[in-house]
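Colleague: Sequence first, predicted coordinates after that:
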Amino acid sequence: MAVHSTHPPGFAHQFETVEQQREAGHLGMWIFLATEILFFGGMFTAYVVYRALHLPSFILGSHELLVKFGATNTAVLICSSLTMALAIRTAQTGGSKGTIIVWLLLTMALGAAFLGIKLRYEWYRDYVEGLIPGVSWLSGGTHTPGVKMFMCFYFFMTGLHALHMVVGLGILTVLVVMTARNRFSAEYYAPLEISGLYWHFVDIVWIFLFPLLYLIGGRYPGS
Amino acid sequence: MTEPHGSDYHAPHIVPVGTYVLVFLALMLGTALTTWIAYIDLKAWNTVAALTIAVCKMLLVVLFFMHVKYSKGLTRIVIIGAFFWLGIMITLTCSDELTRHWEIVPQGWSAGALHLFRLLF
Amino acid sequence: MSTATADLHQAPAEPAVNYLNASYGIKSWLLTLDHKRIGLLYLASITVMFVVGGVAATLMRLHLVEPQGALFEPETYNKMFSTHGIIMVFFFLVPSIPATLGNFLIPLMIGARDVAFPKLNLMSWYIFMTGSALALYGTISGGVDTGWTFYPPYSSLYSETHVVAVALGIFIAGFSSILTGLNFIVTIHKMRAPGMTWFRLPLFIWALYATSLIFVLGTPVIAITVFLLGLERLLHVGIFDPAVGGDPLLFQHMFWFYSHPAVYIMILPGMGVISELITAFSRKKIFGYSFVAFSSLSIAVISFIVWGHHMFVTGQAIYAGLVFSVLSFLVAIPSAVKVFNWTATLYRGSISYEAPMLYALGFIGLFTIGGLTGLFLASLATDVHLNGTYFIVAHFHYIMVGGAVMAYLGGIHFWWPKISGRMYPDMWARISAAIIFLGFNLTFFPQFMLGYLGMPRRYAIYPAEFQVLNVLSSAGASILGIGYVIPLIYLTWSMRYGPVAGPNPWKAKGLEWTIPSPPPTENFEKIPIVTEPAYNYPAIEAHDYPDAPGVARV
């Protein structure tokens, strides 16, 4: 029987060592991310097929989106990945909980900014212009059935991504509370690390969504 | 406090701040680059360029922000496996969706054998 | 504490405190983090779902005794077979062995105190219950008539049944599978006892590991597929609607990308059980351990590249059909390896015919028949004639019922003493195994003939010339049903009145048999250090069987 020593905080008793727990947590999160790759991947597959079969419509649909907002949002998410990485690094090096919380809050702010830009400047605008299939779709002009198909994928994919962002914000909130309650140290910061993996993954999904949805087929004159 | 670590314990690698900042700058550069290239007429290569840059950005995030450069082999297998499986889904689905309109012209058995040979190699 | 070498003349004693009585009250069960209790929670849930699916099947077979249909309008019959398929596939077969026996046994077999993420494990069960509740709600409020395959555009545009509710139930239950698979993979990688190397693991663990790979890689795709279907149905946006450029076959590709590996989710754990049963009841180590282990992994991998064989006659490109046909033949190879190795294990073994062994032997025969008939279906030319007929129905029922369900029952019987601490009445167990075997063959063998003769599946009425075979099939179904009810009765009875089993009533090898029955909550008083290979049965001694011919002389 394991000696009832003073186990570090957060140690779970089905494990024999802290290292085992940390590795298990890591592997678990990576496997979860693998499932997310297949989950988003299903939509990417459908997108690839329809893009190949209906390229002109998809290009037309893509041109309804504004590159400046997509690019800005990409930059915002990249910043948030940096702040997240720095939050974890602060914990790793035994930094103060105040510093960790600042980095976490910055990450949250950037995530919220991403969602804000999306909602206010992209989706609301799409709603007004009759570009949301099933909700406010207005046919006619450039709003062909093929463009409707593209917009479906745009909203499904960015919507699913945004949902993951919201969950991420929830996770970050919990982390802020945990940090404030002194739960982390240079010895134990696994929840931060694992949540960081999730956050970076959400960033990576957007890194692919941006070119595939906004830049597809090019934005040069005559494309 | 008693030693809670197993005999296989090794301290996790701490990435220097400088590395993070460099990766960040590279990612921002990549974003600017892919946006700029979109406005240049490269025909089909636009997509190739965009995806290449996206993959490079992803690799930077995965290797440095997600510490895979300093992680065990099992982590890499999980990631590679997931992408490989996604690749299976896309490839085999496209093998149907994109070849539906290929015509089959009945020919003698030798022509068929030659065609199969070309298909395979 | 009783040890593995308990004196045979002394009646085994049940441990005073074990996982069943360590804490009382409904909250201690509904909020448990003990993998063994969670396994039992799943056992209760899936038994209920099996009954629901079984009732649907009974009604179908009763309806089909008459060519014009004895019970239902065709619309209602459509709902019957859809309900039967959905409940049995998603809410019984997929979770069956992994969630019950897997949850219970994996930590015990690898020498761990619990799975890697016990809270996630409990959450998986609640997610499963939520999904099941939704699916049952959809069923009770009228069901769906799309078939378990939900093909659009019927399911997205024309069906007026509760597609969204049931699809949502499946979506949610899918997450239960994903989390269970995740838990198992991490547990097997990270929580093996010292000395328990990969190649000393019981083959049941290899099988569940392979199954978990499929859970993790395949289930997310069905999730996104039914998600898209639900959106299509709610918003009418045309993703799968050919009128606006959508492709119904894209749905089929995404659906079958999961659903074909899903059938391997349903059979692989059963194969793992059979490896355990065959070795225990031949008292012999498995023939070709690494081949059997790698065959599980191969099946998991190859299962992902054959899905198009469900779409040969749907308008799929011929070239894709070619590729999928060749690959489908490939997947038979690792399955055959297993069957050959089990048979070789039996050869010159010290075989006894307790109920679990009867189920195992039945499995080998019936799974082989089911598997061989799959080859006719993998071949493009014959599939054109057999697709959409009862031949397919018989093929997959031979594997799912003759295979997976029999393996499940064999496993339940084998590990019942460990789970409950009691033995069931062996005679009744053997009788019901025989009834199940007979009833099963009478139900489904005529269906091979019906399919070959051209009777389509999913039809509420049929030409009169098929009636005899249909009646035989329905008669078999009633016998099969009785066969399933009997174990429910005596297993429940045994929990209170059965004789105490002791730690190792079968004298089997494996870490789970070295601890008391029922086990204590923390499984092992001291984490074992493993030094033996798996199935380390002693060579059958000549002096034990002086009159037996050809016994190996050690």
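Modeller: Arrived safely, thanks for sending.
Colleague: Once you drop chain neighbours, what's closest to C:Phe414?
Modeller: Spatial nearest neighbour of C:Phe414, excluding adjacent residues (C-beta to C-beta, 6 or more residues apart in numbering or on different chains): C:Pro356 at 4.0 Å. The C-beta positions use only the backbone N, C-alpha and C, and glycine is treated the same way.
Colleague: which ones are touching that neighbour?
Modeller: Going by C-beta atoms under 8 Å, 6 or more residues apart in numbering or on different chains, C:Pro356 touches C:Leu277, C:Ala280, C:Phe281, C:Gly410, C:Gly411, C:His413, C:Phe414.
Colleague: any idea how far chain B is from it?
Modeller: In this view, C:Pro356 and chain B are 35 Å apart by C-beta to the nearest C-beta, to the nearest Å.
Colleague: my hunch is that that residue is in a strand, does that hold up?
Modeller: No: going by DSSP: H, G, I helix; E, B strand; the rest coil, the assignment for C:Pro356 is helix, not a strand.
Colleague: Let me know the pLDDT of it.
Modeller: For C:Pro356, the pLDDT comes out at 97.
Colleague: where in chain A is pLDDT low?
Modeller: A:1-6 (pLDDT under 70).
Colleague: closest point of chain C to chain B, which residue?
Modeller: C:Ala320 (3.8 Å; C-beta to the nearest C-beta).
Colleague: Ignoring the adjacent residues along the chain, who's closest to that residue?
Modeller: B:Asp96 is the one closest to C:Ala320 (C-beta to C-beta, 6+ apart), at 3.8 Å.
Colleague: now that neighbour: how far from C:Val339?
Modeller: Noted for B:Asp96: a distance of 32 Å to C:Val339, by C-beta to C-beta, to the nearest Å.
Colleague: so C:Ile461 sits right up against C:Leu71, yeah?
Modeller: No: in this structure C:Ile461 lies outside contact range of C:Leu71 using C-beta atoms under 8 Å: 11.7 Å.
Colleague: related to what we said a few turns ago, tabulate the contacts of C:Pro356 (JSON lines), appending secondary structure, neighbour count and distance to C:Leu366.
Modeller: Formatted as JSON lines, the contacts of C:Pro356 follow (DSSP: H, G, I helix; E, B strand; the rest coil; neighbours: other C-beta atoms under 10 Å in any protein chain shown; distance: C-beta to C-beta, whole Å):
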{"residue": "C:Leu277", "secondary structure": "helix", "neighbour count": "27", "distance to C:Leu366": "14"}
{"residue": "C:Ala280", "secondary structure": "helix", "neighbour count": "23", "distance to C:Leu366": "20"}
{"residue": "C:Phe281", "secondary structure": "helix", "neighbour count": "25", "distance to C:Leu366": "18"}
{"residue": "C:Gly410", "secondary structure": "helix", "neighbour count": "28", "distance to C:Leu366": "12"}
{"residue": "C:Gly411", "secondary structure": "helix", "neighbour count": "28", "distance to C:Leu366": "16"}
{"residue": "C:His413", "secondary structure": "helix", "neighbour count": "25", "distance to C:Leu366": "17"}
{"residue": "C:Phe414", "secondary structure": "helix", "neighbour count": "25", "distance to C:Leu366": "18"}
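Colleague: from these, which is closest to C:Ala243?
Modeller: Using C-beta to C-beta, C:Gly411 comes nearest to C:Ala243 of the contacts of C:Pro356, at 49.2 Å.
Colleague: for the closest one, what are its contacts?
Modeller: Per C-beta under 8 Å, 6+ apart, neighbours of C:Gly411: C:Ile97, C:Leu101, C:Gly270, C:Val273, C:Glu276, C:Leu277, C:Pro356.
Colleague: and which of those is nearest to chain A?
Modeller: Nearest to chain A among the contacts of C:Gly411: C:Leu101, at 19.3 Å, using C-beta to the nearest C-beta.
Colleague: Name the nearest residue to A:Gln20, sequence neighbours excluded.
Modeller: Using C-beta to C-beta, 6+ apart and skipping the chain neighbours, the partner closest in space to A:Gln20 is C:Lys190 (5.9 Å).
Colleague: For that neighbour, give me its contacts.
Modeller: A:Gln20, A:Glu23, A:Ala24, A:Leu27, C:Ala116.
Colleague: Select from those the one having the most neighbours.
Modeller: Of these, C:Ala116 is surrounded by the most neighbours, 28 neighbours in total, counting by other C-beta atoms under 10 Å in any protein chain shown.
Colleague: Next, count neighbours for residue 73.
Modeller: By default, I'm working from chain A. A:Asn73 has 25 neighbours, counted by other C-beta under 10 Å.
Colleague: other chain: chain C
Modeller: Using other C-beta under 10 Å: C:Glu73 sits among 10 other residues.
Colleague: same question, B:Arg118
Modeller: Neighbour count of B:Arg118, defined by other C-beta under 10 Å: 8.
Colleague: same thing with B:Val15?
Modeller: Residues contacting B:Val15 under the criterion other C-beta under 10 Å number 18.
Colleague: Same check on C:Met191?
Modeller: For C:Met191, using other C-beta under 10 Å, the count is 23.
Colleague: go on, the one 5 residues further on?
Modeller: When counting by other C-beta under 10 Å, one arrives at 24 neighbours for C:Met196.
Colleague: how near is it to chain A?
Modeller: Taking C-beta to the nearest C-beta, one finds C:Met196 at 13 Å from chain A.
Colleague: so the residue of chain A found nearest chain C is in which element?
Modeller: Going by C-beta to the nearest C-beta, chain C is nearest to A:Gly134 of chain A, at 2.9 Å. If you go by DSSP states H and E, A:Gly134 is not part of any helix or strand.
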